[in-house]
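# okay, predicted coordinates and the sequence, questions at the end:
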Amino acid sequence: MKKIATLGPPGTFSDMATGIYTAAQSDTFQVEYFPTIVGTLSEVGKSCDIGIIPIENFSEGFIALVLDELISADLNVIDEIILPIKFSMISNAHSLSDIQQLYVQFVARGQCCEFLESLHNAKIITTDSNIESLNRFKDSDIPSAAIVPSTSYRKSDFPLVCEEVNDYKNNQTRFLVISKVSQPATVDADKTSLIVLDDNDHPGYLGEVLLSFSKRNINLTSIISRPTRKTFGKYHFFIDFDGNAEDPVVADALKEIGKTNNVKLLGSYKKAKSLN
Ligand SMILES: O=C(O)C(=O)C[C@]1(C(=O)O)C=C[C@@H](O)C=C1
């Protein structure tokens, strides 16, 4: 049976995305849980065949540490999933002003800023996953709280619950399905991801790359830079675009870009439907 790596403990949003992915596959999978996002990613191709990793939140943008891992690791993107994200705050205190400490996952923190700003007395403790936040809160013996997935608790178990504490009602996170082994793109693959590695910085570097897409009428869906960490002013570019790398027009664009740049093709896959 194939093994699939995801962020644990069970009940994280990553686990929910994993459930959606596995339900749509003909293969059966055994889910393996890891305590951190980077730890999950690093098990892909080792103890696990594939992994499900959050890559982008609707309001917070891309998760930098995932982008950085994709630059250095040799991994392929084979699918994506978009999930609605709703958070609640649960507490063993009776009023917000009594809360002394609050557990929140480091990406979730940025999605609940307005609510967290309103808590003046609580020390904020960041965690690696939303279910770690839940478990550490349950173990605490002082007035505490946690920001947790809205599906992860029973309201009647806690004296204080605030629902939908996420800043944006329509909050969503995009997850990537990652594989060590490259797979032939499915026939319905209509989106491609790549990284242009900054090995050949020169005037017009980015402009030339963009021109290769625009003159062929290829629509970019995102472009994001990450520093090379070698010197200021040098960046790698992550580009997502509509189209399959095997489509002759796309293949032609990739060939042109590859002549003067070091391109890391991450893969072509079926674009997930946005939940708007
Ligand atoms: O902790 C979880 O529940 C996760 O699956 C991680 C994660 C993330 O890091 O983006 C997933 C979705 C939300 O954006 C918040 C947390």
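Happy to help now that I have it. Numbering: from 1, shown residues only.
# hang on, isn't V177 packed against L75?
No - using C-beta atoms under 8 Å, V177 is not in contact with L75; the gap is 10.6 Å. For every residue, glycine as well, the C-beta is placed using N, CA and C.
# just the residues contacting the longest helix seen in the chain, thanks.
Counting by DSSP state H, the longest helix found in the chain is helix 248-260. Residues from elsewhere that reach helix 248-260 (C-beta atoms under 8 Å, 6 or more residues apart in numbering): 192, 194, 196, 200, 208-209, 212-213, 216-218, 241, 243-245, 263, 265.
# buried ones in that helix, by neighbour count?
In terms of neighbour count (16 or more other C-beta atoms under 10 Å), helix 248-260 has its buried residues at 250, 253-254, 256-257, 260.
# pLDDT at H120, what is it?
You'll see H120 listed with a pLDDT of 87.
# same thing with D198?
Per-residue pLDDT puts D198 at 78.
# report the distance from stretch 95-108 to the chain centre.
Chain-centre distance of stretch 95-108: 23 Å, with C-alpha atoms, centre = their mean, to the nearest Å.
# can you check stretch 13-29 too?
Put simply, stretch 13-29 sits 16 Å off its chain's centre (C-alpha atoms, centre = their mean).
# so which bits of that stretch are buried?
Neighbour-count burial for stretch 13-29 [16+ other C-beta under 10 Å]: 13-18, 21-22, 29.
# could I get the average pLDDT for it?
96.
# can you give the distance of stretch 119-133 from its chain's centre?
Taking mean C-alpha positions (C-alpha atoms, centre = their mean), stretch 119-133 and its chain are 19 Å apart.
# and it, is it in reach of the ligand?
Yes - using C-beta under 6 Å from any ligand atom, stretch 119-133 reaches the ligand at 129-130.
# restricting to C-alpha, output that stretch in CSV.
Below are the C-alpha coordinates for stretch 119-133, written out as CSV (Å, rounded to 0.1, in the frame of the first residue of the first chain):
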residue,chain,number,x,y,z
LEU,A,119,-6.7,39.7,23.3
HIS,A,120,-4.7,42.0,25.5
ASN,A,121,-3.6,39.8,28.4
ALA,A,122,-2.8,36.5,26.6
LYS,A,123,0.7,35.4,25.8
ILE,A,124,0.7,34.0,22.3
ILE,A,125,2.5,30.6,21.8
THR,A,126,3.0,29.5,18.2
THR,A,127,2.9,25.8,17.3
ASP,A,128,3.6,23.7,14.2
SER,A,129,0.0,22.5,13.6
ASN,A,130,-3.5,23.3,14.6
ILE,A,131,-4.0,20.0,16.3
GLU,A,132,-0.8,20.5,18.3
SER,A,133,-2.4,23.8,19.4
